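K.L.:
give me a 3D structure for the following:
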Amino acid sequence: MISNRQITIIRIIIHVVALLPLVVLIWDFTQDNLTANPIREVQLRTGATAINLLMLSLTCTPIHILTGFRPVLSLRRPLGLYAFFYALLHFINFIAIDYGFNFVFLREDLFEKRYAIVGFIAFILLLPLAITSIRRLRQRLGKNWQRLHWLVYPAATLVVVHYIWQTKADIHLPLIYGGVLGILLAIRLPVVRKFANQHFTWLKRTPR
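P.N.:
Modelled structure (predicted):
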């Protein structure tokens, strides 16, 4: 059985891995190594990191369902918060750096660019999830906190749609993300859980 020390080590690794893209981004910025279009490069990097971390947070529950490994559930919150953090950087770069808080141009582009609309909606859905991750708020909300966090599923779906629509050339990678998300959500369905419990018992950890 995994020890508390091992769980702590895993959490430390997650923090390091999640912060590494930001460290690299800052380093590349100081070294003037963000390509000929640094604003777009920041947008691409923060967006890619956000969706990767969001997918990882959504992977925790399926791992628990398939293997019975409960400690993995404690990793959902930090992964989800880091995903929101990079989504926030992605959003700030868009409205502050790219558009300079020019809301006239922003409003025009939001109506013209459908990927911007779904991306904004996804961000709005993720915002209350990040805010209510604070322990005191979770305790106050009680069971309503769990109901509220169902918003992560439509938010993740919109994130993938945002990725697909903003990709101008090869959309194979965004479609792969869509397929992975579909699998991660399908495993949560009661009928799939029942099937997994019946046919994937060999994945369950044997307690000592």
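K.L.:
where does this protein dip in pLDDT?
P.N.:
The chain contains residues with pLDDT under 70 at 1-4, 199-208.
K.L.:
beyond the biggest helix by length in it, next helix or strand please.
P.N.:
Ordering each helix of the chain by length in residues (DSSP state H) puts helix 38-67 first. Moving toward the C-terminus from helix 38-67, the next helix or strand (DSSP states H and E) is helix 76-92.
K.L.:
contacts for that next one?
P.N.:
With contacts defined as CB atoms under 8 Å, 6 or more residues apart in numbering, helix 76-92 is touched by 11, 14-15, 18-19, 21-22, 42-43, 46-47, 49-51, 53-54, 56-57, 60-61, 120, 122-123, 126-127, 129-130, 133, 152. All C-beta spots, glycine's among them, are computed from the backbone N, C-alpha and C.
K.L.:
how far off helix 38-67 does that helix point, in degrees?
P.N.:
160 degrees (axes from the mean of the first three to the mean of the last three CA atoms, to 10 degrees).
K.L.:
show me what counts as buried in helix 76-92.
P.N.:
Counting neighbours by 16 or more other CB atoms under 10 Å, one finds that the buried residues in helix 76-92 are 76, 78-80, 82-91.
K.L.:
want to try a markdown table for these, with distance to Y115 as columns?
P.N.:
Converted to a markdown table, the buried residues of helix 76-92 look like this (distance: CB to CB, whole Å):
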| residue | distance to Y115 |
| --- | --- |
| R76 | 27 |
| P78 | 28 |
| L79 | 24 |
| G80 | 22 |
| Y82 | 23 |
| A83 | 18 |
| F84 | 19 |
| F85 | 21 |
| Y86 | 17 |
| A87 | 14 |
| L88 | 18 |
| L89 | 18 |
| H90 | 12 |
| F91 | 13 |
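K.L.:
which residues touch the residue nearest the centre of the chain?
P.N.:
Geometric centre of the chain, nearest residue: L54, 1.6 Å, by CA atoms, centre = their mean. When contacts are counted by CB under 8 Å, 6+ apart, L54 is found next to 79-80, 83, 87, 156, 159.
K.L.:
narrow the contacts of helix 76-92 to just the buried residues.
P.N.:
By neighbour count, with 16+ other CB under 10 Å, those hold 14, 18, 21-22, 42-43, 46-47, 49-51, 53-54, 56-57, 60-61, 120, 122-123, 126-127, 129, 133, 152 as buried.
K.L.:
what count of nearby residues applies to L137?
P.N.:
By other CB atoms under 10 Å, 13 other residues sit near L137.
K.L.:
begin at 130 from now on, thanks
P.N.:
Sure thing, new numbering starts at 130, so read that last one as L266.
K.L.:
please report the distance of it from N273.
P.N.:
10 Å (CB to CB, to the nearest Å).
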